[in-house]
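In: How does the following fold in three dimensions:
(one chain, ligands or ions: 1)
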Amino acid sequence: MGPRGPAPRLGTGAQLSNKLHRPREIFDELKKGIQLVNHFVGNLTAMPIPLFLKPRMLIATAAALTLSACFGAPEVMKGGSGKRAAAGKPNRPQAVGTPSFANAEAQQCAFELKQAGVRFTPLPNQDHGGGCSSIDSVKLLDIGTPVSGLGAMTCPLARNFAAWAQYAVKPAARKYFGTEVVKIETFGTYSCRNIYGGRSGRLSQHAYSNAIDISGFVLADGRRIMLDGGWKGDRPSQDFLRALHKSGCRRFGTALGPDYNAAHYNHFHFDMSGNGYCR
Ligand SMILES: [Zn+2]
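Out: Model prediction:
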């Protein structure tokens, strides 16, 4: 089985804004846009699923997706135009341009996410160019534990990630550290790039919003348990992170960690392709 996409390190927000050379005012405008979207979202998640498709909501969520694509995907920006030669076949059904969550399977997933008590907003199907897309994707707003760096996620990825946070991360923190996790830190979800971040080759599952890179955990007492350092750190950190990797292998189609290759020394890569590929 072929190797899966490692993720080049993503920059911090500050680094990103420098890369993009955007003036401060634009940044503030974008923040206002996000607040507007969040306002809509409060109503949206309380509604039955068919109402997700309300036109006004789609406009609002389209704005949100555009924002998260810009800030969540520095790889797209590096090449200038963000266009790249299409490489490899998508692992997701391509339904770009059609309303999201229109089929029964996607609606079932959204239903399950709601049942789990997760707050989220559905995103319109998007073709980002270069073969990259977001189909039947959501923006997670509240899964019970704060998470940094989240952009568009396919619904199944979001559902399994929320369950992993609830049923693997929380109990493991209590077991190995006797405390709560107050934040899960990530390097992001959607990013239009190839596996290994290379110029050629297959598109990464990140290019379909179908993957997440997790870099560490903040505990209630302030300790930070990072993959970088923790994987080969003290006993509790090692046991905690290995338990989470093992759980990831059960919950995601593909789960890669620091033992997979050097590119993964600082994060778990979880995606919904594959069938229990665990390294
Ligand atoms: Zn990844």
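
In: Which parts of the stretch 51-200 of the chain are helices?
Out: Per DSSP state H, counting those that start in this stretch, the stretch 51-200 of the chain carries helices over the ranges 55-72, 74-78, 104-115, 155-164, 170-177.

In: gap between the two ends of stretch 192-200?
Out: 12 Å (C-alpha to C-alpha, to the nearest Å).

In: now check that stretch, is it near the ion?
Out: No. Residues of stretch 192-200 contacting the ion under C-beta under 5 Å from the ion: none, with a closest distance of 8.8 Å. (C-beta placed from N, C-alpha, C; glycine too.)

In: if I look at the residue of the stretch 51-200 of the chain found nearest the ion, how far off is Arg279?
Out: Closest to the ion within the stretch 51-200 of the chain is Phe187: 7.4 Å, counting by C-beta to the ion. Plainly put, Phe187 is 18 Å away from Arg279 if you go by C-beta to C-beta, to the nearest Å.

In: So those two - more neighbours on which side?
Out: Neighbours per residue, other C-beta atoms under 10 Å: of Phe187 and Arg279, the larger number sits with Phe187, 23 against 17.

In: Pretty sure that one sits against Leu150.
Out: No. Using C-beta atoms under 8 Å, Phe187 makes no contact with Leu150, being 10.6 Å away.

In: what stretches of this protein score poorly on pLDDT?
Out: 1-96 (pLDDT under 70).

In: Strands along that one, start to end?
Out: Using DSSP state E, the strands assigned to the chain run over residues 119-122, 126-129, 132-134, 137-142, 147-148, 153-154, 181-188, 211-219, 224-226, 254-256, 268-271, 277-278.

In: Let me have those strands in a markdown table, adding distance to Ala104 as columns.
Out: Shown next, in a markdown table, are the strands of the chain (distance: least, C-beta to C-beta, whole Å):
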| stretch | distance to Ala104 |
| --- | --- |
| strand 119-122 | 15 |
| strand 126-129 | 21 |
| strand 132-134 | 20 |
| strand 137-142 | 17 |
| strand 147-148 | 28 |
| strand 153-154 | 16 |
| strand 181-188 | 30 |
| strand 211-219 | 24 |
| strand 224-226 | 40 |
| strand 254-256 | 25 |
| strand 268-271 | 23 |
| strand 277-278 | 27 |
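
In: of the ones you listed, which approaches Asn160 most closely?
Out: Closest to Asn160 of the strands of the chain is strand 268-271 (C-beta to C-beta; 7.8 Å).

In: Can you tell me the strand partners of the closest one and which way each runs?
Out: strand 211-219 (antiparallel), strand 254-256 (antiparallel) (DSSP bridges).

In: For the ion, tell me whether the shortest one is touching it.
Out: No. On the criterion C-beta under 5 Å from the ion, strand 254-256 is out of touch with the ion, staying 7.4 Å away.

In: Then the first one?
Out: Yes. Shown here: strand 211-219 in contact with the ion (C-beta under 5 Å from the ion) through 211, 213.

In: And for that strand, what's in contact with it?
Out: 5, 7, 10, 150, 153, 157, 161, 169, 173, 177, 179-189, 204-206, 224-228, 230, 240, 254, 266-272 (C-beta atoms under 8 Å, 6 or more residues apart in numbering).
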